[in-house]
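[1] Please work out how this folds:
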Amino acid sequence: MDMKKWLTPAAALLLASAFVLPSAAFAESKQPKANGHITQATGAGVTLKGGKAANVNGFQSVDPSHFKTKLPKDKAKKPSLSTQGITAADYGNHDPSTAIYLDLNTLYQNTMSTAGQQDWYYFYAPDASKLTALLPAMQMVGVDYDLHLFHMNDTTGALENEQYSAYGPGSDDQVAMVAQPGYYFLCVNSVSGVDANNPYLFEVAQSYGYDAAEADDNLWQARSKTSDFSVLGNLDNVFDQDWVRYTPSTTEYAKVTFDQLPTGSNYVVDMFATDANGALQSMGGLSANTAGKLALSQGTTYYFHVVSTGTVDPAANYHLQVSRQTTRIGLNTIDSDPNITGYVNYDNGPSMYKWRVQHWMTVNGSMRDADGQAIAGMPITLLVNERLGQQSANGVTDASGNFSIYLANMNPAVGDYSWYGPVSTHYYDIIPMGLGSPISNSNETYVTTLYHYAYSIYHPF
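    Next up, the predicted model:
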């Protein structure tokens, strides 16, 4: 029997919180928001694009000769180092043409004086490398600065290939770019609020030995997957974060493997699911060389975030894999009206034993994966096709993977079949019954048939 013809998917939605992965060695206290500042934000001097504007000439132009000739003399005009005292001086660098110079791999600080202000900086990358710009979160409530990184076209002066990080208040911003030798511009943009008394810290780090997926340092730069995947990557500097965006094309029960790292590695992978509002909800995490299992819903976007809690080794690859796991729903017993319940055979053949039901029934079973491990918190749907209509009921597996589903009011049976017994003739129907879940494909549902008892007629001889 083809269960797909009559067994509909469970109506209950999958809840990510029902699936617990091994405890992470690292958990972010500030969850990034997927619906961060990605609309246009207007500041003093220039309008920043909310989304990627890859190689859009004329977005904002500067005089390239001006910056090439001013580079040596402007090295004396820099923002304060993080180790220096806080200065209230306004450098006047509020649009690209007034950008001031930065050294790479140096932590700076500066202050904003008005909401909506933009501070612009530029620097020179002497060789092919990866650039990682960092902007730790401001601590004042309601203050939100975001970060934009551009390459300057050496011929036209256009600022191209805008990359940005816009997580929202209370979250660190970070953006990366794979660079060739040339000039680059960085903008710190006040999206909302300002803290004139406390500086923002920022840095542009240069690194080498990066993997082919770079740049993938934030949500907006995440590499995209739509089916099960296996990736090799590395962390090329202590700030490096690798993000993978996964939107499964079908609902699945998946195994997440994070391995092939040296013993004692302090790398972790954090997992998030987007909710109805687009915000990220934590699903737990994995430490190095471990694995976990969880349910993933069709059409929901998930993020996998690889980061180090300590040192990094650019020469050491990690392996991150998401692979679908087969599942199995098993039937244990069926309880029904005490006068007729049981596992009986009406046709004297070993294959004709079936559960007999009438009036109501309770179906008891379990759900396991291919490794025999219990699947907890999974909605299970029971569907029964009686001769007089279709009935359904729902349940959820417990921590041991077991479920019990009660169908309260069964329709009367018609009595299509009969069995001539020693004392009476029994009349009954043979009806299909199925058990399914949101993660079960057509080969993983449980399908059987039942004896649906109608009535009996007494005959003494």
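[2] Find the residue at the geometric middle of the protein.
    Here the mean C-alpha position of the chain is nearest to the C-alpha of residue 302 (CA atoms, centre = their mean), at a distance of 1.8 Å.
[3] The residue nearest to that residue when sequence neighbours are not counted: neighbour count?
    Closest residue in space to residue 302, ignoring its immediate chain neighbours: residue 246 at 4.7 Å, by CB to CB, 6 or more residues apart in numbering. From N, CA and C alone the C-beta is placed, and that goes for glycine too. Residue 246 is surrounded by 21 other residues when neighbours are defined as other CB atoms under 10 Å.
[4] Roughly how far does residue 246 sit from residue 305?
    Residue 246 sits 12 Å away from residue 305, taking CB to CB, to the nearest Å as the criterion.
[5] got it, and residue 115?
    As defined by CB to CB, residue 115 lies at a distance of 30 Å from residue 305.
[6] quick revisit: let me see the confidence value for the residue nearest to the centre of the chain.
    In the prediction, the pLDDT value recorded for residue 302 is 96.
[7] what bridges to it?
    When bridges are called by DSSP bridges, residue 302 pairs up with residue 246, residue 273.
[8] Hmm, residue 231 and the residue nearest to residue 302 touching each other?
    No. At 10.6 Å, residue 246 and residue 231 do not qualify as touching, with contact defined as CB atoms under 8 Å.
[9] All the strands of the stretch 101-250 of the chain, residue numbers only.
    Counting by DSSP state E, counting those that start in this stretch, one finds strands in the stretch 101-250 of the chain at the ranges 108-110, 118-125, 129-135, 144-152, 159-165, 173-179, 182-192, 200-207, 223-225, 229-233, 242-246.
[10] Quick one: the ones you listed as TSV, columns for mean pLDDT and distance to residue 378 too.
    Listed next are the strands of the stretch 101-250 of the chain as TSV, based on pLDDT from 0 to 100; distance: least, CB to CB, whole Å:
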stretch	mean pLDDT	distance to residue 378
strand 108-110	92	51
strand 118-125	94	50
strand 129-135	96	41
strand 144-152	94	39
strand 159-165	90	36
strand 173-179	95	36
strand 182-192	94	41
strand 200-207	94	43
strand 223-225	94	24
strand 229-233	95	23
strand 242-246	96	20
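[11] neighbour count winner among residue 115 and residue 305?
    Relative neighbour count places residue 305 above the other of residue 115 and residue 305, with 20 against 15, counting by other CB under 10 Å.
[12] Look up which helix or strand the more buried one falls in, please.
    Residue 305 is located in strand 302-308, with elements delineated by DSSP states H and E.
[13] Give me the contact list for that strand.
    Judged by CB atoms under 8 Å, 6 or more residues apart in numbering, the contacts made with strand 302-308 from elsewhere in the structure are 26, 34, 219, 222, 233, 235, 238, 240-248, 256, 258, 266-274, 280, 283, 296, 318, 320, 322.
[14] again with stretch 451-461
    Contacts of stretch 451-461 with the rest of the structure, by CB under 8 Å, 6+ apart, involve 337, 340, 344, 346, 354-358, 386-387, 410, 412-415, 421, 423-431.
[15] can we see that at 6 Å?
    Stretch 451-461 is touched from outside by 340, 354, 356, 358, 413, 415, 424-429, 431, with contacts defined as CB atoms under 6 Å, 6 or more residues apart in numbering.
[16] Return the member of those nearest to residue 179.
    Using CB to CB, residue 431 is the member of the contacts of stretch 451-461 that lies nearest residue 179, at 67.8 Å.
[17] which ones are touching the closest residue to residue 388 other than its chain neighbours?
    Take residue 388 and drop its neighbours on the chain: the residue closest to it by CB to CB, 6+ apart is residue 411, 4.1 Å away. Residue 411 makes contact with 386, 388, 389 under the criterion CB under 6 Å, 6+ apart.
[18] Next, format the residues you listed as TSV and append pLDDT and secondary structure.
    Putting those into TSV (pLDDT from 0 to 100; DSSP: H, G, I helix; E, B strand; the rest coil) gives the following:
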residue	pLDDT	secondary structure
386	96	strand
388	95	coil
389	94	strand
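[19] looking at these, which has the most residues close by?
    residue 386 (19 neighbours).
[20] State the distance from it to residue 215.
    In this structure, residue 386 lies at 59 Å from residue 215, with CB to CB as the measure.
[21] Give the rounded mean pLDDT of stretch 452-461.
    On average, the pLDDT along stretch 452-461 is 91.
[22] burial of residue 187, as a residue count?
    Around residue 187 sit 27 other residues, with neighbours defined as other CB under 10 Å.
[23] should've said residue 172
    Other residues near residue 172 number 17, with proximity taken as other CB under 10 Å.
[24] Isn't it up against residue 137?
    Yes. Counting by CB atoms under 6 Å, residue 137 is a contact partner of residue 172 at 5.1 Å.
[25] Pull the residues that contact stretch 422-438.
    Contacting residues not belonging to stretch 422-438 are listed as 1, 3, 7, 9-10, 14, 251, 329, 378, 380-387, 413-419, 445-458 [CB under 6 Å, 6+ apart].
[26] How far off centre is that stretch?
    Its chain's C-alpha centre lies 43 Å from the corresponding centre of stretch 422-438 when counted by CA atoms, centre = their mean, to the nearest Å.
[27] So for it, mean pLDDT?
    Averaging pLDDT along stretch 422-438 gives 94.
[28] which of the residues in it are buried?
    426-438 (16 or more other CB atoms under 10 Å).
[29] Take the contacts of residue 411 and write them to a markdown table, including distance to residue 162.
    As requested, the contacts of residue 411 are exported to a markdown table (distance: CB to CB, whole Å):
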| residue | distance to residue 162 |
| --- | --- |
| 386 | 62 |
| 388 | 65 |
| 389 | 60 |
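[30] Tell me the one among those nearest to residue 94.
    Proximity of the contacts of residue 411 to residue 94 (CB to CB) peaks at residue 389, which lies at 71.8 Å.
[31] What strand or helix carries the closest residue to that closest one other than its chain neighbours?
    Of all residues beyond its chain neighbours, the one nearest residue 389 is residue 411 (5.4 Å), with distances taken as CB to CB, 6+ apart. Using DSSP H and E, residue 411 is not contained in any helix or strand.
[32] where does residue 411 sit relative to residue 384, distance-wise?
    Using CB to CB, one gets 9 Å for the distance from residue 411 to residue 384.
[33] ok, now residue 296?
    Relative to residue 384, residue 296 is positioned 29 Å away (CB to CB).
[34] hmm, back to that, out of the strands of the stretch 101-250 of the chain, flag the one nearest residue 97.
    Taking CB to CB as the criterion, strand 118-125 is the member of those that comes nearest to residue 97, at 8.4 Å.
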